[in-house]
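Asks: Mind looking at a prediction? Sequence and model below.
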Amino acid sequence: DAKTTQPPSMDCAEGRAANLPCNHSTISGNEYVYWYRQIHSQGPQYIIHGLKNNETNEMASLIITEDRKSSTLILPHATLRDTAVYYCIGVGWSARQLTFGSGTQLTVLP
Amino acid sequence: EAQVTQNPRYLITVTGKKLTVTCSQNMNHEYMSWYRQDPGLGLRQIYYSMNVEVTDKGDVPEGYKVSRKEKRNFPLILESPSPNQTSLYFCASSSLPTGSFNSPLHFGNGTRLTVT
């Protein structure tokens, strides 16, 4: 299964873009890259996912490198409500055990 | 409303007293999973189920049991709880379109368990 590595913490100024990196060098070809976030002790919330191509939705953009060994989640205009722990995970048939790791604590500063 | 419902939200119990945390989803999802969350350790998977009557161990299954007799329900059973099982627990579910994992997990609101 794909192990992911994320920085433990990041800060971002309100209104600026937040770029959260994730390394997943062992990801296999059929594993999706998923991003979730967790605010305080609430249940994690889905943000976005992708397989090979870059993806964009109303919340964020996902940039996956061509070799699929890393990805970046982009929150285009961060707000204080985006302060949360962000998790990147690899998910696929060989990675049915969905281990989230410790994630990145993003703090959006006023 | 599509949701994953866990009960109870809070539970305080004593060592050795069997308990069950219920999880139910109304989205006809095949995949269901239990996680525990402890400070500094992220979300760790306890058990997961790919469909009815199919369950598998996650990363930290010791001390837990699960069952999947119906598609919508996936209860977590602690036969003899111990203080090291004090934690925040989450249930989650997702569909498996065409057998792939191209569908996100939906999480419940969590159950905070304290074992004294």
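Replies: Alright, I've got the coordinates.

Asks: which one's the longest strand in chain B?
Replies: Identified as the longest strand of chain B according to DSSP state E is strand B:42-51.

Asks: Just the buried residues of the helix or strand just after that one, please?
Replies: Scanning forward in sequence from strand B:42-51 by DSSP states H and E, the next helix or strand is strand B:54-57. By 16 or more other CB atoms under 10 Å in any protein chain shown, the buried positions in strand B:54-57 come out as B:Thr55. Every residue, glycine included, has its C-beta placed from N, CA and C.

Asks: How many residues are close by B:Pro61?
Replies: Using other CB atoms under 10 Å in any protein chain shown, B:Pro61 is surrounded by 16 other residues.

Asks: May I have the phi/psi pair for it?
Replies: Here is the backbone geometry of B:Pro61 (degrees, to the nearest 10): phi -80, psi -10.

Asks: circling back to that earlier point, who does the longest strand of chain B touch, helix- and strand-wise?
Replies: Applying 3 or more CB pairs under 8 Å, 6 or more residues apart in numbering or on different chains; DSSP states H and E, one finds that strand B:42-51 makes contact with strand B:31-38, strand B:54-57, strand B:65-66.

Asks: what angle do the lowest-mean-pLDDT helix or strand in chain B and strand B:31-38 make?
Replies: Of all helical and strand segments in chain B, the minimum by mean pLDDT, DSSP states H and E falls on strand B:42-51, at a mean of 90. Orientation of strand B:42-51 against strand B:31-38 (axes from the mean of the first three to the mean of the last three CA atoms, to 10 degrees) gives an angle of 160 degrees.

Asks: Return the longest strand of chain B as CSV; C-alpha atoms alone will do.
Replies: Output of strand B:42-51 as CSV, limited to C-alpha atoms (Å, rounded to 0.1, in the frame of the first residue of the first chain):
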residue,chain,number,x,y,z
GLY,B,42,-3.4,10.2,13.3
LEU,B,43,-6.2,7.9,12.2
ARG,B,44,-5.5,4.2,12.4
GLN,B,45,-7.7,1.6,10.8
ILE,B,46,-9.1,-1.1,13.1
TYR,B,47,-11.1,-3.3,10.7
TYR,B,48,-12.7,-2.9,7.4
SER,B,49,-15.3,-4.6,5.3
MET,B,50,-15.6,-4.9,1.6
ASN,B,51,-19.2,-6.2,1.7
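
Asks: Show which residues not belonging to that strand make contact with it.
Replies: A:44, A:87, A:96-103, B:30-38, B:55-61, B:64, B:66, B:68, B:71, B:74, B:76, B:89-90, B:96 (CB atoms under 8 Å, 6 or more residues apart in numbering or on different chains).
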